[in-house]
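Peer 1: what would the 3D arrangement of this be:
(2 chains)
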Amino acid sequence: MRRASWVPILLAAGCGGDDADPAPAGGSSPEAPADFRDATEAAGLALTLTAGGTPPRQILEVKGGGLALIDYDADGDLDLFAPNGATLEQPDRGPGARLFENVSEGEPAFRDATTAAGVDFARWGMGVAVGDVDGNGFDDVFIACYGPDALLRNEGGRFTAAAAEVGLGDAGWGTGSSFGDVDLDGDLDLYLVRYLEFDAAAPPPPTTFLGVPVFNGPSGLTGQADLLYLNEGGAFRDVSESAGIRAVRPSYGLGALILDLDADGAPEIFVGNDSMANFLFTAAEGAGDELRFEDVALEAGLAVNADGETQATMGIAYGDVNDDGLPDLFTTNFMSDTNSLHVSAGGLRFSDKTQLFGLGMVSRPFLGWATMFYDFGHDGEEDLVVFNGHVYPETAVQALGSSARQRPLFFERDGARFRRRMPPADGGTWLADARNDRSAVFGDLDGDLDVDLVVAERNGPVRLLRNDGARGGALIVRLADGRSPGNARGLGARVTLEGGGRTRTRWIASGGSYLSACAPEAHFGLGEERGPFILTVRWPDGEEQRAEGVEPGLRVVERN
Amino acid sequence: MHLRRSLPALLLAASCGGGSGSETPSPAPPPEAPAADSPATPPTPEPHEPRLDQALQGVVRADYAGARALAEAVQQERPDSARAAFVLALAYHKEKNYGAAEPHFERALALGPTFEPFAPVHYFRAWCLYYLGKLDAAEASFTRHLELAPDEADSHFGLGVIALDGGRLDEAERSLSKARELSQAELVAGNSGRRADVAKAHARLADVHLLRDDAEAARAALESCVRMYPPHYTAWYKLHQVLLTLDDAAGAAAALEQHDRWKAQVRPGSAGLGGAR
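Peer 2: Just a heads-up that it's a prediction; the model follows:
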């Protein structure tokens, strides 16, 4: 009798949910998370991105595509740009990029501005970076593509194709990209991450994984070397060879972040590679005034995880998890591996503290992509969000006891650790919503000072998740550098906020998340603190600017 | 009696479970004592099924598909066979297909204990759950296994790595130390197969020290590890990192060289980190 009653119960319990999300492990909580509400439809954001076919047959089809938040019309709010992809059948002719103008008034609202703004791009777009490359006061858009890359030059709110004119347009498989002032001359240079050699007309034959047919790669295919372009008066020059970028093994790159990781005044370039060691480029010893980098990822502890294993680095988040004023790096990885948190130990040394911060085994059932640290709840501590989804066809993933559609992970700080917030038992929230997500961008879209987000599913609709759960005040800091010939937003700047007995640090950077460009601003949740605060901006050139008496709200820090 | 002789040997040879890639756990023979999972009326023992012995041999040979076919054939005929479910689970588990293995472990647990020794069901299920990220359930399963087999070092080790992931460093240290002591005792008693287990406990104890930012203690533990079992390439990598932290560049370089050398031997075709650039 007992046996008869146990068996069905245990069997049912063992089958898992729709995304095989495990029951809460120690350190998770069933309480409601920061409350995000799907405002996509109400906001008029009708957009479905294309990235190959479904189910995917080739590796080119599984990466999804990026998103960008850009104030293209310089009216002070964040508009949304999506480069969009294409299909194997017509890799150079997809449904086309889309631009949505932010017309929010209290509630988030967007209006399709693609045609009005002259956006005309229909190749297979992957990653996107935003920056004012010609210094005309309007942010331009770089699109890393499968095929020739694109630069959409913004001329007062109208875009024109300008890649060839400015020396861009590499024809490889570009993925991530990041703008930053790597030579400290004030303008924006460009790091282009590339993936691998792939011919859509003659793709490699499929292989098997645990006996299930799946696409081939990346292992076994030929990686492509990344490229570094220097900005010289709005035109770009490929300096990859002379700058030492080609001294490393061509790898399957997916993301890049240009940031001064050791606070020595010169930016590093962190590159996340899929199934190969990550790169960390820093100024080469003895380079003097010459622009020459060397890869020190292994010595820095960033090349691989704590066990010395390469990971399938997809997304990159940066933040300061231990309040030491130095940037820590979190990367998302493949299923059956954990995500990784590398905490700065000072200088260019990082320690893998994934387990200590509660971010280890909890992530093992998930294949992670977009990620970022933000204080979504305004409690003064940065949370962490990760969007997930498998690359293999549903039938293959089900054979592994999982699903291609996976829930997002949302972690809140609980003392020294991050604690996963589980969806409520009755579901019905974004946390219970299993999708095949890829990219996401973060920023205050409706002007209420909290961080909203837009997330893109592979071959699925883009969703706008409005933050309705933030409690307490916040400060958003934007930069306006009148001295810079193109980096007015201060990409690469460090922003610190002193008050309430602590100092919080943020960075404004290009790159991170996954293939995407987030809002170029620093966000501080303040809880019940009202200030006044002391705000210090360390500009990318090292100059520090301090403001006292800062109060919650939106603050634009100018330098002239 | 046949089962009592063959299954422990097969499980020993199968060396399932374990933590990181170079950790090579080899669980001690499970206890011969009757399983404690006894409902009010103990289930009737299963009749011996030779095809399941063959299936286990298939698991040992890494013929997982063949092993599954045999176990499934038995299961078709005798749906209430806990051992068939267990062997099926083990075949998936050894293939690292933990999602597929889990329901079969659950089924074995629900139908048993109808064969002996039954304690390994808890042990392998625990590792399966661990790899699925279901740490609370894995911890309970390791604990259950230790109730039945208190001197099983690898289940203490499992509890240690779970505590490590939970940031419970003191608890992790206790469990990993216990695992090391038990394996060491067996090693001293002549079980040379425990050498790797002692080493891997050292390596995970080093993780505890690293998470405490105690580089010197980590160095000592890692040096003990690689001295005891040089093929532990993960420990060589960690030693490389620790020595860099301690400003011993030459030692770090030597450790990295050892890492690459041993990794190439243990996992032929894998790229060394020293040649990454």
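
Peer 1: now whichever residue of the stretch 51-200 of chain B sits closest to chain A: which helix or strand?
Peer 2: Distances between the stretch 51-200 of chain B and chain A by CB to the nearest CB are smallest at B:Gly99, namely 1.4 Å. C-beta here means a position set from N, CA and C on the backbone, and glycine is covered the same way. Taking DSSP states H and E as the definition, B:Gly99 sits inside helix B:98-111.

Peer 1: buried stuff in that helix?
Peer 2: B:98-111 (16 or more other CB atoms under 10 Å in any protein chain shown).

Peer 1: now those in JSON lines, with pLDDT?
Peer 2: Shown next, in JSON lines, are the buried residues of helix B:98-111 (pLDDT from 0 to 100):
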{"residue": "B:Tyr98", "pLDDT": "90"}
{"residue": "B:Gly99", "pLDDT": "88"}
{"residue": "B:Ala100", "pLDDT": "90"}
{"residue": "B:Ala101", "pLDDT": "94"}
{"residue": "B:Glu102", "pLDDT": "95"}
{"residue": "B:Pro103", "pLDDT": "95"}
{"residue": "B:His104", "pLDDT": "97"}
{"residue": "B:Phe105", "pLDDT": "98"}
{"residue": "B:Glu106", "pLDDT": "98"}
{"residue": "B:Arg107", "pLDDT": "97"}
{"residue": "B:Ala108", "pLDDT": "98"}
{"residue": "B:Leu109", "pLDDT": "97"}
{"residue": "B:Ala110", "pLDDT": "96"}
{"residue": "B:Leu111", "pLDDT": "96"}
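
Peer 1: turn these into TSV, including distance to A:Glu544.
Peer 2: As requested, those are arranged in TSV below (distance: CB to CB, whole Å):
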residue	distance to A:Glu544
B:Tyr98	51
B:Gly99	52
B:Ala100	57
B:Ala101	57
B:Glu102	55
B:Pro103	59
B:His104	62
B:Phe105	59
B:Glu106	60
B:Arg107	64
B:Ala108	64
B:Leu109	62
B:Ala110	65
B:Leu111	69
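
Peer 1: and A:Val386, what pLDDT?
Peer 2: pLDDT, the model's per-residue confidence, is 98 for A:Val386.

Peer 1: can you confirm it is in a strand?
Peer 2: Yes. Under the criterion used here (DSSP: H, G, I helix; E, B strand; the rest coil), A:Val386 sits inside a strand.

Peer 1: ranges for the strands of the stretch 1-150 of chain A?
Peer 2: Remark: strands assigned in the stretch 1-150 of chain A by DSSP state E, counting those that start in this stretch are A:28-29, A:36-38, A:68-70, A:79-82, A:98-102, A:110-112, A:124-131, A:140-146, A:150-154.

Peer 1: tell me what the fourth one is packed against?
Peer 2: Translated: strand A:79-82. Under the contact criterion of 3 or more CB pairs under 8 Å, 6 or more residues apart in numbering or on different chains; DSSP states H and E, strand A:79-82 touches strand A:68-70, strand A:98-102.

Peer 1: what sits against residue 238?
Peer 2: Just so you know, I chose chain A. Under the criterion of CB atoms under 8 Å, 6 or more residues apart in numbering or on different chains, the contact partners of A:Asp238 comprise A:Gly167, A:Leu227, A:Leu228, A:Tyr229.

Peer 1: wait, chain B was what I had in mind.
Peer 2: Applying CB under 8 Å, 6+ apart as the definition, the contact partners of B:Lys238 turn out to be A:Ala306, A:Asp307, A:Gly308, B:Ala203, B:Ala206, B:Asp207, B:Leu210, B:Ala218, B:Leu222.

Peer 1: how about a cut-off of 6 Å?
Peer 2: B:Lys238 makes contact with B:Leu222 under the criterion CB atoms under 6 Å, 6 or more residues apart in numbering or on different chains.

Peer 1: from B:Ala218, how far off is it?
Peer 2: When CB to CB, to the nearest Å is applied, the distance between B:Lys238 and B:Ala218 equals 7 Å.

Peer 1: could I get the helices and strands packed on strand A:79-82 as JSON lines with mean neighbour count?
Peer 2: What follows is the helices and strands packed on strand A:79-82, written out as JSON lines (neighbours: other CB atoms under 10 Å in any protein chain shown):
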{"stretch": "strand A:68-70", "mean neighbour count": "27"}
{"stretch": "strand A:98-102", "mean neighbour count": "24"}
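
Peer 1: make a markdown table from the ones you listed and add distance to A:Met314 to it.
Peer 2: A markdown table is the format used below for the helices and strands packed on strand A:79-82 (distance: least, CB to CB, whole Å):
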| stretch | distance to A:Met314 |
| --- | --- |
| strand A:68-70 | 18 |
| strand A:98-102 | 23 |
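
Peer 1: just to revisit the earlier point, mind checking which of the contacts of A:Asp238 are buried?
Peer 2: A:Gly167, A:Leu227, A:Leu228, A:Tyr229.

Peer 1: which of those sits closest to chain B?
Peer 2: After measuring those against chain B - CB to the nearest CB - the closest member comes out as A:Leu228, at 16.1 Å.

Peer 1: and the closest one, what's its pLDDT?
Peer 2: The predicted structure scores A:Leu228 at 98 on the pLDDT scale.
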